[in-house]
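>>> no letters, just coordinates:
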């Protein structure tokens with residue numbers, strides 16, 4: 001695939017510059033009115049990519065939807081408008097791992113759930129509404145998470161899951177006492193992982209490094225900033 005795109009917030013210039021240097025074309029998220037400050041531009045709140053270039057986008061993110069359509073992606077809008085009040089803000093916040101959709105299923109948009117059911121995805125229901133934020137996809141059969149409900153659900157499946165400690169991740173645009181998630185502070189780029197900051201400062205770095213080595217996944221990081229949750233970014237290829 002010749003064109004590599006990422007939907008990403010513009011709130012961290014170091015992440016944007018790194019992605020550009022890796023030859024990705026950036027599509028910036030919108031600013032969603034009504035969302036709390038640190039969620040307004042999160043990519044993992046605004047869209048989710050599935051197979052065959054299908055991308056679900058919040059119905060109010062019309063500019064983002066139009067941009068993706070003009071690039072040739074099969075854009076599907078949510079059946080309802082998201083609001084800033086939980087759980088109406090997490091209608092697309094799920095993690096796709098292989099043919100699994102991990103999320104708080106009752107809170108996800110009906111159009112997304114229906115598409116996944118009709119296209120052979122196994123739905124894995126968890127208590128964590130911010131499933132996309134909470135999971136780092138390592139490959140099509142492995143994830144890293146600090147969330148206990150996700151961990152408990154996945155150990156019953158064929159997905160290999162590493163549970164790490166929570167915290168130690170900056171949440172961009174939030175008060176300092178609020179912590180980010182590992183999924184929002186990283187992205188799976190297909191054959192490698194990019195961490196949005198210096199993963200070596202994380203207290204579970206050695207365990208994370210061993211898990212990635214176990215799955216033969218290389219990774220890069222931005223060593224001049226602390227590990228930062230910007231809402232991940234959504235990888236798109238066409």
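Structure's in. What do you need? All values reported here derive from a predicted model rather than from experimental measurement.
>>> hmm, residue 134 and residue 146 touching each other?
Yes: with contacts defined as CB atoms under 8 Å, residue 146 counts as touching residue 134 at a distance of 6.9 Å. Using the backbone N, CA and C atoms, a C-beta is placed for each residue, glycine as well.
>>> spit out the contact partners of the nearest residue to residue 41 once chain neighbours are set aside.
Take residue 41 and drop its neighbours on the chain: the residue closest to it by CB to CB, 6 or more residues apart in numbering is residue 9, 4.0 Å away. Residues near residue 9 by CB atoms under 8 Å, 6 or more residues apart in numbering: 28-29, 41-43, 172, 230-231, 233.
>>> circling back: who touches both of residue 146 and residue 134?
Common contacts of residue 146 and residue 134, defined by CB under 8 Å, 6+ apart, comprise 181-182.
>>> quick one: which of the two has more around it?
residue 134 (27 against 23; other CB atoms under 10 Å).
>>> residue 127 versus the nearest residue to residue 179 once chain neighbours are set aside, what's the distance?
Spatial nearest neighbour of residue 179, excluding adjacent residues (CB to CB, 6+ apart): residue 167 at 4.7 Å. Per CB to CB, to the nearest Å, residue 167 is found 19 Å from residue 127.
>>> before we move on, what about residue 177?
23 Å.
>>> okay, these two: which has more neighbours?
Neighbour count, other CB under 10 Å: between residue 177 and residue 127, residue 127 has more, with 12 against 6.
>>> how would you label the closest residue to the more buried one other than its chain neighbours: helix, strand or coil?
Closest residue to residue 127 apart from its sequence neighbours, by CB to CB, 6+ apart: residue 149 at 3.9 Å. When classified by DSSP: H, G, I helix; E, B strand; the rest coil, residue 149 comes out as helix.
>>> for residue 149, what are its contacts?
Listed by CB under 8 Å, 6+ apart, the contact set of residue 149 reads 126-128.
>>> quick check: of the residues you listed, which lies closest to residue 36?
Nearest to residue 36 among the contacts of residue 149 is residue 128, at 17.4 Å by CB to CB.
>>> test for you: state the pLDDT assigned to that closest one.
pLDDT, residue 128: 98.
>>> thought it was touching residue 153?
No: applying CB under 8 Å as the test, residue 128 and residue 153 come out as separate, 9.1 Å apart.
>>> neighbour count: these two, which is higher?
More crowded of residue 128 and residue 153, by other CB under 10 Å: residue 128, with 24 against 19.
>>> highest neighbour count among the contacts of residue 9?
Ranked by neighbours (other CB under 10 Å), the contacts of residue 9 are led by residue 231, which has 32 neighbours.
>>> could you list the low-pLDDT ranges of the protein?
The chain contains residues with pLDDT under 70 at 1-2, 176, 238.
>>> tell me where it has helices.
All helices of the chain, identified by DSSP state H, fall at 13-21, 43-46, 62-70, 110-118, 131-134, 148-154, 205-214.
>>> between these, which one is closest to residue 78.
Of those, nearest to residue 78 by CB to CB is helix 110-118, at 5.9 Å.
>>> what's the closest one in contact with?
48, 50, 54, 56, 76-80, 91-92, 94, 101, 105, 123.
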